[in-house]
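**Q** Sequence and computational prediction follow.
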Amino acid sequence: MLVMGVFFLIVSWISFALRVYVRAFLIRSFGKDDWMMLITVCLFTICCSLLIAIEHVEQTSRPQRVLEEGIHAQLDLLNDLMKYIISLMGLYILTTVTLKISLAIFFLRIVVRPWQRKVIYAVTVIYAIYATAFAFVAVFQCGIPTNFLIKEATGVCIRDDILQPLNYLHSLLNAISDWTFACLPVFVLWNAKIPRSAKISSGLLLSLGAIGSIISLVRIAYIPGLKSGPAFFTSAINIGVLSLTEPGLGMVAACLATLRPLFK
């Protein structure tokens, strides 16, 4: 996780820095989609930092250290781990929201057919509203996000049979919106009067978006493990890794798509 977190941090900031250079200095057209991408990269940076922190806490809460530090110290570490996991979940959701808003603004600049614009508006608005609400529920599922283990044991948190369907619905809407933004450019490029080389390069960028869309589907398979139980931490960490990969690839693809003026 440490390697992946550092890798996506470096790649995302390099690709965004190139985007800023092209938009702000080469063509002097730094728009709303670029500002939203800046917010996305900042949120994503926090997500990467949390994933690195999760690995650190997980490594320092091994069972063999219970005798060395005592059970109370280990409970504190597990509470910290839960706090980081819940924070990562909420920030991941907000990262996908800002990323999709940035993509929507970008596509609305280039699509001309009414049905395409309606699809963009519908998918973005529906996902943004639901995901923002779900992020709030995820973070505050046990009230103020502290002492998760005690609150879970005393039944203060939202029950799994309520939270799981909400999680599935969010993942479904996320996958639908991801595939919409991955497939929509196909219709734009199909009839576009641009050189074949430009279409090929655009197709390669679309493949990055498609990989991110596939990951959003794979992520659904780990949701059952988020129920309270011995498999929770393993599933949560796996989802955390996927939660970095999905928006990370989306951001890189979105930033690379703006770099054509750099090669003219």
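**A** Nice, I can see it. Residues are numbered from 1 along each chain as shown.
**Q** which residues touch stretch 114-133?
**A** The contact list for stretch 114-133, computed with C-beta atoms under 8 Å, 6 or more residues apart in numbering, reads 93-94, 96-97, 100-101, 104, 107-108, 111, 169-170, 173-174, 176-177, 180-181, 184, 187-188. For the C-beta atoms, the positions are set from N, CA and C on the backbone; glycine is no exception.
**Q** Just the buried positions in that stretch, please.
**A** Within stretch 114-133, the residues that count as buried by 16 or more other C-beta atoms under 10 Å are 116, 119-120, 123-124, 127-128, 130-131.
**Q** same deal with stretch 211-220?
**A** By 16+ other C-beta under 10 Å, the buried positions in stretch 211-220 come out as 211-216, 219-220.
**Q** so L50 makes contact with I86?
**A** No - the pair L50 / I86 is not scored as a contact, 9.8 Å apart, by C-beta atoms under 8 Å.
**Q** Which one of these two is surrounded by more residues?
**A** Counted by other C-beta atoms under 10 Å, L50 and I86 do not tie: L50 has more neighbours, with 24 against 19.
**Q** Phi and psi next, for the more buried one.
**A** Backbone dihedrals for L50, given as degrees, to the nearest 10, come out at phi -70, psi -40.
**Q** wait, what's in contact with it?
**A** Taking C-beta under 8 Å, 6+ apart, we find L50 in contact with 84, 87-88, 91, 240.
**Q** pLDDT below threshold where in the stretch 1-150 of the chain?
**A** For the stretch 1-150 of the chain, residues meeting the criterion pLDDT under 70 lie at 1-2, 60-74.
**Q** Which parts of it are helices?
**A** For the stretch 1-150 of the chain, the helices defined by DSSP state H, counting those that start in this stretch cover 2-20, 32-59, 66-69, 71-110, 114-139, 148-153.
**Q** next one: the stretch 151-264 of the chain
**A** So, for the stretch 151-264 of the chain - with DSSP H, counting those that start in this stretch - the helices run 160-190, 196-218, 232-256.
**Q** and the shortest one, what's its mean pLDDT?
**A** On average, the pLDDT along helix 196-218 is 65.
**Q** same thing with the first one?
**A** What helix 160-190 shows for mean pLDDT is 84.
**Q** Check the gap between A104 and F30 for me.
**A** 17 Å (C-beta to C-beta, to the nearest Å).
**Q** So which of those two has more stuff around it?
**A** The neighbour comparison of A104 against F30 (other C-beta under 10 Å) goes to A104, with 22 against 15.
**Q** so how far is T45 from the residue nearest to L173 when sequence neighbours are not counted?
**A** Spatially, and ignoring its direct neighbours in sequence, L173 is nearest to Y127 (5.0 Å; C-beta to C-beta, 6 or more residues apart in numbering). Per C-beta to C-beta, Y127 is found 22 Å from T45.
**Q** what's the closest of the buried residues of stretch 114-133 to L262?
**A** L262 lies nearest to I120 out of these, by C-beta to C-beta, at 26.1 Å.
**Q** Please name the spatially closest residue to D34 (chain neighbours excluded).
**A** Spatially, and ignoring its direct neighbours in sequence, D34 is nearest to R23 (5.2 Å; C-beta to C-beta, 6+ apart).
**Q** hmm, back to that, by neighbours, which of the contacts of L50 wins?
**A** Most surrounded of those: other C-beta under 10 Å gives L88, at 26 neighbours.
**Q** my guess is that residue contacts S49, does it?
**A** No - here L88 does not reach S49: they are 9.4 Å apart, not a contact under C-beta under 8 Å.
**Q** Let me see the contact set for the closest residue to E246 other than its chain neighbours.
**A** Leaving aside its chain neighbours, E246 sits nearest to I215 (4.5 Å; criterion: C-beta to C-beta, 6+ apart). Neighbouring residues of I215 by C-beta under 8 Å, 6+ apart: 242, 245-246, 249.
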